[in-house]
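A.B. asks: Quick one: sequence plus predicted model below, questions after.
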Amino acid sequence: MRANAELSEVPVPTSHILVSADPINHEKMFADLALQHWRQLGEELKADVEQYVQAGGSASFSESAEGEYRVSSSDSGLEMRIVADPADRIARYDFIRTNDHSAGAPEGGIFSMRVSRNNRVEFYSSDQELQAEEARKLLLDPVLAPAA
């Protein structure tokens, strides 16, 4: 009886909070965290575009109902599109030429969405965790800061 009392007093590491014996509950917790992370990305992309426009650039941000964000710039002649697929735990992004100002569009890619060490959903690229700023830079630099 004493052993059980001692076990209940052992603190649970926060990295184990998301783990659940109930797979349905675990998936719902992940989906909620992923949606929160996705919305944060949209807010930050929008703020980055607004800052670019205030500095004199020409760009726009749009969001569709299907979980898609787009950033385009007539200055670079490119549009970036990123679409979330929470069921597969990924976000696909690509770049599209919109006018003749661009020599071409860079290749797109995929971010996986995983639970990080700090118990948050984060984007990963090539098995490397991306901080929010790194992910936005990867998505926005071709559109808002093209090579001269």
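C.D. replies: Nice, thanks for sending it over. Since we're looking at a predicted model, the values are computed, not measured.

A.B. asks: Low-confidence bits of this protein, can you list those?
C.D. replies: Scanning the chain for pLDDT under 70 picks out 1-25, 147-148.

A.B. asks: and the lengthiest helix in it, which residues are buried?
C.D. replies: The residue-count maximum for a helix in the chain (DSSP state H) belongs to helix 23-54. In terms of neighbour count (16 or more other C-beta atoms under 10 Å), helix 23-54 has its buried residues at 29-30, 33-34, 37-38, 41-42, 45-46, 48-49, 52. Every residue, glycine included, has its C-beta placed from N, CA and C.

A.B. asks: Next up, the contacts around Tyr69.
C.D. replies: Tyr69 is in contact with 41-42, 45, 61-63, 81-82, counting by C-beta atoms under 8 Å, 6 or more residues apart in numbering.

A.B. asks: Adding distance to Ala135, write those out as JSON lines.
C.D. replies: Converted to JSON lines, the contacts of Tyr69 look like this (distance: C-beta to C-beta, whole Å):
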{"residue": "Leu41", "distance to Ala135": "7"}
{"residue": "Gly42", "distance to Ala135": "12"}
{"residue": "Leu45", "distance to Ala135": "10"}
{"residue": "Phe61", "distance to Ala135": "15"}
{"residue": "Ser62", "distance to Ala135": "18"}
{"residue": "Glu63", "distance to Ala135": "17"}
{"residue": "Arg81", "distance to Ala135": "15"}
{"residue": "Ile82", "distance to Ala135": "9"}
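
A.B. asks: Show me which pair in these is furthest apart.
C.D. replies: Farthest-apart pair in the contacts of Tyr69 is Leu41 and Ser62; separation 14.1 Å (C-beta to C-beta).

A.B. asks: Now Arg81: closest residue in space that isn't a chain neighbour?
C.D. replies: Arg70 (5.0 Å; C-beta to C-beta, 6 or more residues apart in numbering).

A.B. asks: does that neighbour sit in a helix or strand, and which one?
C.D. replies: According to DSSP states H and E, Arg70 maps onto strand 68-73.

A.B. asks: what comes up buried for that strand?
C.D. replies: By 16+ other C-beta under 10 Å, the buried positions in strand 68-73 come out as 69-73.

A.B. asks: Pull the most distant pair out of those residues.
C.D. replies: Tyr69 and Ser73 (14.2 Å).

A.B. asks: Great, nothing more from me.
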